[in-house]
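Requesting a structural model of the entry that follows:
(chains A and B)
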Protein chains: 2
Amino acid sequence: MNTAACDAISSARRTHARSAGPTRLQREQKQATRERLLKAAENVFSTTSYAAASVEEIIANACVGRTSFYRHFDSKWSIASALCEQVMPEVWALWEELARLGHPSEKEIADWLRHRIAVYGRHRALFTVMKEAVAIEANGFDAIERMHVGVIEVLAKGIAAFALAMQDSTAGREARVMASLLLMQLDEFNYRLAVHGWDVDFDVAVLMMARQIRQFIERTC
Amino acid sequence: MNTAACDAISSARRTHARSAGPTRLQREQKQATRERLLKAAENVFSTTSYAAASVEEIIANACVGRTSFYRHFDSKWSIASALCEQVMPEVWALWEELARLGHPSEKEIADWLRHRIAVYGRHRALFTVMKEAVAIEANGFDAIERMHVGVIEVLAKGIAAFALAMQDSTAGREARVMASLLLMQLDEFNYRLAVHGWDVDFDVAVLMMARQIRQFIERTC
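As a prediction, this is how the structure comes out:
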């Protein structure tokens, strides 16, 4: 942004200093800065691992000041999470898609897995960063836990075995653990096939994972 | 080590400079340096995450020179792997124990899982470091892959389903993927219960994981 533009903004800010909230221009500029920071984080993470990347690098890449960064995010983890948020609608749509299948055949689950692998493959760089971030950050584990709870809730809308996993009974507690074990497996399966490149027969791997999911679904039907 | 001791060593080194190999003293000193470095790495990793720890910190903690470090290890990953090697006999003994069970009941598998969780719990700090290292390092994934191949080989000695997983046939390839999926799940299960602290009913979790293992074993019996 050139100096004139900056001047215009500060002048606008001064003019409206006593009004109740931020002006439209202020809101727009705030949003633009946020987007610039997200784009910068994406750039940095595409060349540097999450562990090696720093907030300073992201700030430099975005050409904004430190204060601007901390007005929007409180850490590297927080900006990485925000990047992740951008693809979450796609991720949740996938779970909704599985829930709608209700009582799917092995083939239907396999097709869903292929679709999911394709979506994750399109966001390979981001999921690599998130896998690393989750392993390093103290609250990474809890983020995954919360995600799994949310996934079970979505799947419970269409699939009886996941609905059972939400019940407070012996069978419910058992199903909840089984669902968690299944989701851990699915996370790793998906990461290996979509992101990392697993040296395995793709079709066999998809079929076996589909069988695992179907077994869980069948168990309580 | 004091200066006199250092002098003694260099003098011994000079005296034997033309002999075929290192003297006993040189070998002992080399071994002592290696152990000092490993202890230092353990200290550093107990207070600093793997990502944040540096070779420089380990060198400083060990009070040795840079050259000494690189005579023994070529990176942070290599010294972390060497630390891990120290507990590998215990880890492999666990797999041998499961292999010897041959055709175990759910209860026998559950008891084995409890034992395994206790072993990993004793080395909590080390396994935390390795979990992080594997996620960050470029060759972390391959290390896990090789480990899983080794585990399948050990289990194949006593358990038919794992022996099938080593065969080059359609059923063999399917069993191999299923075995990998099971080991991924078991890694995560174990890490959560032994190292991280998973908010779950311990006995239910152990029983469900035992059921998963037994299901894989039964499938091909």
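
all contacts plus neighbour counts: C-alpha atoms, from now on.
Noted.

what's the single longest helix in chain A?
Secondary structure assigned by DSSP state H gives helix A:76-101 as the longest helix of chain A.

which other helices and strands contact it?
Here helix A:76-101 touches helix A:24-47, helix A:106-122, helix A:124-136, helix A:140-156, going by 3 or more Cα pairs under 8 Å, 6 or more residues apart in numbering or on different chains; DSSP states H and E.

Of the ones you listed, flag the one that's most buried.
helix A:124-136 (a mean of 20; mean count of other Cα atoms under 10 Å in any protein chain shown).

can you redo the helices and strands packed on helix A:76-101 as CSV with mean pLDDT and distance to chain B?
Output for the helices and strands packed on helix A:76-101, formatted as CSV (pLDDT from 0 to 100; distance: least, Cα to the nearest Cα, whole Å):
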stretch, mean pLDDT, distance to chain B
helix A:24-47, 93, 13
helix A:106-122, 96, 15
helix A:124-136, 89, 5
helix A:140-156, 93, 8
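
So for chain A, the centremost residue is which one?
In chain A, the centroid-proximal residue (Cα atoms, centre = their mean) is A:Cys84; its distance is 4.0 Å.

OK, contacts around the residue lying closest to it once chain neighbours are set aside?
The spatial neighbour of A:Cys84 that comes closest, neighbours along the chain excluded (Cα to Cα, 6 or more residues apart in numbering or on different chains), is A:Leu126 at 7.0 Å. A:Leu126 is in contact with A:Glu42, A:Phe45, A:Leu83, A:Cys84, counting by Cα atoms under 8 Å, 6 or more residues apart in numbering or on different chains.

Next: A:Ala205.
With Cα under 8 Å, 6+ apart, A:Ala205 has these contacts: B:Glu174, B:Val177.

Any buried residues in the one helix or strand it maps to, and which?
In the assignment (DSSP states H and E), A:Ala205 maps to helix A:202-219. For helix A:202-219, the neighbour count (16 or more other Cα atoms under 10 Å in any protein chain shown) marks A:204-214, A:216-217 as buried.

Mind listing what's buried along the host helix or strand of A:Asp187?
A:Asp187 is located in helix A:170-190, with elements delineated by DSSP H and E. Across helix A:170-190, burial judged by 16+ other Cα under 10 Å covers A:172-186, A:188-190.

Also compute the angle for that helix relative to helix A:106-122, please.
If you take axes from the mean of the first three to the mean of the last three Cα atoms, to 10 degrees, helix A:170-190 sits at 50 degrees to helix A:106-122.

sorry, back to before: could I get the helices and strands packed on helix A:76-101 as TSV with distance to B:Leu37?
Listed next are those as TSV, based on distance: least, Cα to Cα, whole Å:
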stretch	distance to B:Leu37
helix A:24-47	32
helix A:106-122	41
helix A:124-136	24
helix A:140-156	30
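
Give me the domain ranges for chain A.
Here the domain assignment for chain A is A:3-73, A:77-219, based on automatic domain parsing.

filter the buried residues of helix A:170-190 by proximity to chain B?
Among these, the ones lying close to chain B by the criterion of Cα under 8 Å from any Cα of the partner chain are A:Arg173, A:Glu174, A:Val177, A:Met178, A:Leu181, A:Leu182, A:Met184, A:Gln185, A:Glu188, A:Phe189.

So which of these is the closest to A:Lys131?
For those, the closest approach to A:Lys131 (Cα to Cα) belongs to A:Glu188, at 9.8 Å.

What separation do you get for the nearest residue to the closest one once chain neighbours are set aside and B:Ala161?
Leaving out its chain neighbours, the residue that sits closest to A:Glu188 by Cα to Cα, 6+ apart is B:Met184, at 7.0 Å. The gap separating B:Met184 from B:Ala161 is 17 Å, by Cα to Cα, to the nearest Å.

hmm, back to that, redo the buried residues of helix A:202-219 as JSON lines? Include distance to A:Val119.
Output for the buried residues of helix A:202-219, formatted as JSON lines (distance: Cα to Cα, whole Å):
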{"residue": "A:Val204", "distance to A:Val119": "20"}
{"residue": "A:Ala205", "distance to A:Val119": "17"}
{"residue": "A:Val206", "distance to A:Val119": "15"}
{"residue": "A:Leu207", "distance to A:Val119": "18"}
{"residue": "A:Met208", "distance to A:Val119": "20"}
{"residue": "A:Met209", "distance to A:Val119": "17"}
{"residue": "A:Ala210", "distance to A:Val119": "17"}
{"residue": "A:Arg211", "distance to A:Val119": "21"}
{"residue": "A:Gln212", "distance to A:Val119": "21"}
{"residue": "A:Ile213", "distance to A:Val119": "19"}
{"residue": "A:Arg214", "distance to A:Val119": "21"}
{"residue": "A:Phe216", "distance to A:Val119": "24"}
{"residue": "A:Ile217", "distance to A:Val119": "23"}
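
can you redo these as CSV with pLDDT?
Shown next, in CSV, are the buried residues of helix A:202-219 (pLDDT from 0 to 100):
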residue, pLDDT
A:Val204, 96
A:Ala205, 97
A:Val206, 97
A:Leu207, 97
A:Met208, 96
A:Met209, 97
A:Ala210, 97
A:Arg211, 95
A:Gln212, 95
A:Ile213, 97
A:Arg214, 96
A:Phe216, 95
A:Ile217, 95
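
what's A:His103 sitting at in phi/psi?
Dihedral pair for A:His103: phi -130, psi 70, per degrees, to the nearest 10.

scratch that, A:Asp199
Per-residue torsions, A:Asp199: phi -80, psi 80 (degrees, to the nearest 10).

can you pull the pLDDT of it?
For A:Asp199, the model assigns a pLDDT of 85.

What is the neighbour count of it?
By other Cα atoms under 10 Å in any protein chain shown, the residues close to A:Asp199 number 9.
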